[in-house]
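> What follows is a predicted structure for the sequence shown.
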Amino acid sequence: MYKLLRAPLQPVTYSRWLHLCVPLLLLAIWMFINPSRPWMPLLIVIPFGFVPWVRLAEGLQAQFLLTPQERDSVAGGVRDADDIGGISTTPSAGWSDRWRTLLWLEVRLVVAGAAMFATVWLPLLSVEFIATAVGHPLNPDLALSFAPPRWAAALLAPVPLVVLIVVVILLGEMITKIARRLLGPSAAERLTVLEARTEQLLERTRIARELHDSIGHALTVAVVQAGAARSAKDPEFTDRALNAIEETGRAALEDLERVLLVLRESAQPPSQRPTLAEADRLLESARASGAQVDAQLTGSLEKLPGPVTREGYRILQEALTNVLRHCGPVPVRVRVEMAPGRLDLEVTNPLPERAVLTSRSGSGLRGMRERAALLGGAAETGPFDGGWRVHARLPLERIR
C-alpha cells in the first residue's frame, strides 16, 4: 500500500506511462485509416517480431523508460548479479528470441489499448463531473445515464484522475514484469554473462594474491632485516641488510607497477612475472634475513611451462615469507624437483614455541592452495615432524 501511495511521486511512474503511450501512435493511425478493424495492428507487427534488431530497439526503449534506475546503476557499476535477470539489449540470436519478441509486441499493443482507453476516457469523465457541478454538463447522454447531484459531481470530479494514476501505476508494473520475462536474456546470454563475471572474479583474486605475496614478502624481509641490523650493531651486517632491503623493495615495486598496469587496463604490456628460474633471488633474500636456507633445486626449471613456473615461484615466495614472519631466522629446507609429469615443491622449517600457525587459517596459506588447485594440483600446509611443511604438487603434462 505504501508503495502505491509513493508511486505518483516517482519519475519512473511517468516514464512508464510514456512507454505505454508509444504504441498509441500506430493504433491512432490505423483507427484513422479503418476504425472498423481495430485488431489489424496485431497482424501488422507480426513480421517485425522476426527482425533481430527489433529486440535490440525494444530492449533499449524498455530499459530507458521502464527501468531507468537499473540502467543507471549498471552503467555506474553498482549492480552485480541482479542485472543478469534484467532486460536484454542484444539482437535476437535464435528463433526463441524472435518468438518472445513477437509475443512482446502483441502484448504491448494490447496493454497500450487499455492504457489509451484509461488515458482518454477517465480525464473526460472528470471534466464531465466538473461541468455537471457548475450546472453545464457537456455530454447530455452521459448526464442521462447517471445524473448525480451537483454537490456529488463536485466530490466525484477528482476520482477519475485518481483512478487514472492507479491504473497507470498498475499497468506500468505489469508491463515491466512482462518486459523482464519476454525481453530478458536468453539462457545463452545468461551463461555468457556468468562466464564473464567468473573471469573477472578470478582475475581479481589473482591480483589480490599477487599483491599479498609480493608486497607481503618485501615488507616481511624489510622488517626482519631492519630488526636484525639494529640488534647486531655491526656496520658490515647493517650494510648487507640495507642492500637486501633495497633489492627486495625494488622487486616489490616492479610487481606493484605490473599489477597497477593491469588494474588501469593500460595499453602498455606488463613486465614479465618472476619464475622459478629466479628462485635464487628469493633464497638469497631469506638468507640475508638471517635464515639458514638449505636449498636443492633439481631439473631444468627454465623449461617449465609458464603457468607452473610462475605459480611455483609465488608459492615458494609465500612459504619463505611465512617462515620469516612467524618463525624468524630459523633453518629452512627447500626442495624443488621436476618429477615425471609434475613439479614437487617442499619447504620445511622448525616451529618455535612462540609461532602460532594452523593449516587452515591465513590468506597466504589459502592463496597457495588456490594457486595449486587452479593448475590441477594440490598444496598441503601444516605441521610435519615437529615443524611446519608446505608441499605443493603441480602437474606438467596437462599444462603443456
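Perfect, I can see it now.
> Assumed residue 110 was part of a helix.
Yes - counting by DSSP: H, G, I helix; E, B strand; the rest coil, one finds residue 110 located in a helix.
> Look up the closest residue to it, ignoring the ones flanking it.
Leaving aside its sequence neighbours, residue 110 sits nearest to residue 42 (CB to CB, 6 or more residues apart in numbering; 7.8 Å). Just so you know, the C-beta spots here come from the backbone N, C-alpha and C atoms, and that holds for glycine as well.
> repeat for residue 100
Excluding the flanking residues, the one nearest residue 100 by CB to CB, 6+ apart is residue 182, at 4.7 Å.
> One more: residue 329?
residue 290 (2.9 Å).
> Contact partners for that neighbour?
Contact analysis of residue 290 by CB atoms under 8 Å, 6 or more residues apart in numbering lists 224, 228, 328-329.
> ok, and the most crowded of the residues you listed?
residue 224 (24 neighbours; other CB atoms under 10 Å).
> That one touches residue 326, doesn't it?
No - in this structure residue 224 lies outside contact range of residue 326 using CB atoms under 8 Å: 11.2 Å.
> re earlier: what secondary structure does the residue nearest to residue 329 sit in?
Secondary structure, three-state DSSP: residue 290 is coil.
> mind checking the SS state of residue 397?
State at residue 397, reduced to three classes by three-state DSSP: coil.
> all helices of the stretch 151-300 of the chain, in order?
Under the criterion DSSP state H, counting those that start in this stretch, the stretch 151-300 of the chain contains helices at 159-182, 187-232, 235-264, 279-288.
> so which of those is the most packed in?
helix 279-288 (a mean of 20; mean count of other CB atoms under 10 Å).
> From the rest of the structure, what touches it?
With CB under 8 Å, 6+ apart, helix 279-288 has contacts from 217, 221, 225, 240-241, 243-244, 247-248, 251, 274, 293, 295, 297, 301, 313, 316-317, 320, 323-324, 332, 334, 336.
> do the same with stretch 148-156
If you take CB under 8 Å, 6+ apart as the criterion, stretch 148-156 is touched by 129-130, 132-135.
> What is the nearest of the residues you listed to residue 371?
Closest approach between the contacts of stretch 148-156 and residue 371, by CB to CB: residue 129, at 75.3 Å.
> just checking, residue 352 is part of a helix?
No - Residue 352 sits outside any helix when classified using three-state DSSP, being coil.
> I'd guessed it sits against residue 329; true?
No - in this structure residue 352 lies outside contact range of residue 329 using CB under 8 Å: 10.6 Å.
> What residue spans form the domains of this protein?
Following automatic domain parsing, one gets these domains for the chain: 2-185, 192-395.
> pLDDT averaged over stretch 339-351 - what is it?
For stretch 339-351, the per-residue pLDDT values average out at 90.
> cool, stretch 374-390 as well?
The predicted model assigns stretch 374-390 a mean pLDDT of 88.
> now do stretch 118-132
85.
> And stretch 303-313, by the same measure?
Stretch 303-313 carries an average pLDDT of 86.
> and that stretch, which residues are buried?
By 16 or more other CB atoms under 10 Å, the buried positions in stretch 303-313 come out as 304-305, 308-313.
> can I assume the residue nearest to residue 100 is in contact with residue 102?
No - with contact defined as CB under 8 Å, residue 182 does not reach residue 102; the gap is 9.3 Å.
> Under the pLDDT cut-off, which ranges of the stretch 101-250 of the chain? List them.
137-147, 187-203, 206, 210, 214 (pLDDT under 70).
> at 90 what do you get?
Scanning the stretch 101-250 of the chain for pLDDT under 90 picks out the ranges 109-110, 112-162, 165-166, 168, 172, 180-250.
> tally of neighbours for residue 295?
Applying other CB under 10 Å, we find 18 residues neighbouring residue 295.
> Leaving out the residues flanking it, which one is nearest to it?
Nearest residue to residue 295, sequence neighbours excluded (CB to CB, 6+ apart): residue 334, at 4.3 Å.
> In contact with the one you found: list those residues for me.
Under the criterion of CB under 8 Å, 6+ apart, the neighbours of residue 334 are 283, 293-297, 316, 320, 346-347.
> Assign a three-state SS to residue 392, would you?
Residue 392 - assigned by three-state DSSP - is strand.
> for it, which residues make a bridge with it?
For residue 392, the beta-bridge partners under DSSP bridges are residue 345, residue 379.
> Let me know the distance separating it from residue 321.
Remark: distance between residue 392 and residue 321 (CB to CB, to the nearest Å) = 15 Å.
> how would you label the most far-flung residue of the chain relative to its centre: helix, strand or coil?
Computed with CA atoms, centre = their mean, the maximum C-alpha offset from the centroid of the chain is found at residue 135, amounting to 63.4 Å. Put simply, residue 135 is coil when judged by three-state DSSP.
> any idea of the mean pLDDT in the helix or strand where residue 25 lies?
Using DSSP states H and E, residue 25 falls within helix 24-33. Here helix 24-33 scores 79 as its mean pLDDT.
> List the buried residues for that helix?
24, 27, 30-31.
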